[in-house]
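Visitor: Structure for this input, please:
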Amino acid sequence: MAFYGLGLLIIIPVVLRVWSTELALTNQRIIAKVGLIQRNTVELRLEKVESLGIHQSVLGRIFY
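Guide: Numbering: from 1, shown residues only. Now for the predicted structure:
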């Protein structure tokens, strides 16, 4: 039973971070917003972007 509690303590912050992350690509910039209570935002003009890489796991592809 203690392992379930430990598992929840590990996975709940990760799930909240994933659910509270917002990524947007517009015709002028890339915007990333992360955080549920405290919000961090990063904006990058497309002229500054040279390349973009995306890594997505099999479970990410299945559940998204």
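Visitor: just how off-centre is the longest helix along the chain within its chain?
Guide: When the chain is parsed with DSSP state H, its longest helix is helix 2-19. Relative to its parent chain, helix 2-19 has a centroid offset of 16 Å by C-alpha atoms, centre = their mean, to the nearest Å.
Visitor: wait, what's in contact with residue 30?
Guide: 23-24, 43-44, 46, 49 (C-beta atoms under 8 Å, 6 or more residues apart in numbering). For the C-beta atoms, the positions are set from N, CA and C on the backbone; glycine is no exception.
Visitor: how big is the angle separating the one helix or strand it maps to from helix 2-19?
Guide: Using DSSP states H and E, residue 30 sits in strand 29-34. Put simply, strand 29-34 runs at 150 degrees to helix 2-19, going by axes from the mean of the first three to the mean of the last three C-alpha atoms, to 10 degrees.
Visitor: ok, then the element right after strand 29-34?
Guide: strand 40-45.
Visitor: quick one: strands adjacent to that next one?
Guide: strand 29-34 (antiparallel) (DSSP bridges).
Visitor: Now for residue 16, how many residues are close by?
Guide: 13 (other C-beta atoms under 10 Å).
Visitor: wait, it sits on residue 34?
Guide: No. Under the criterion of C-beta atoms under 8 Å, residue 16 is not in contact with residue 34, lying 10.8 Å apart.
Visitor: shared neighbours of the two, anything?
Guide: By C-beta under 8 Å, 6+ apart, no residue touches both residue 16 and residue 34.
Visitor: tell me what whichever helix or strand comes after the longest helix of the chain is packed against?
Guide: The helix or strand immediately downstream of helix 2-19 is strand 22-25, counting by DSSP H and E. Packing partners of strand 22-25 (3 or more C-beta pairs under 8 Å, 6 or more residues apart in numbering; DSSP states H and E): strand 29-34.
Visitor: Show me how far the strand it packs on is from its chain's centre.
Guide: The answer for strand 29-34 is 10 Å, by C-alpha atoms, centre = their mean.
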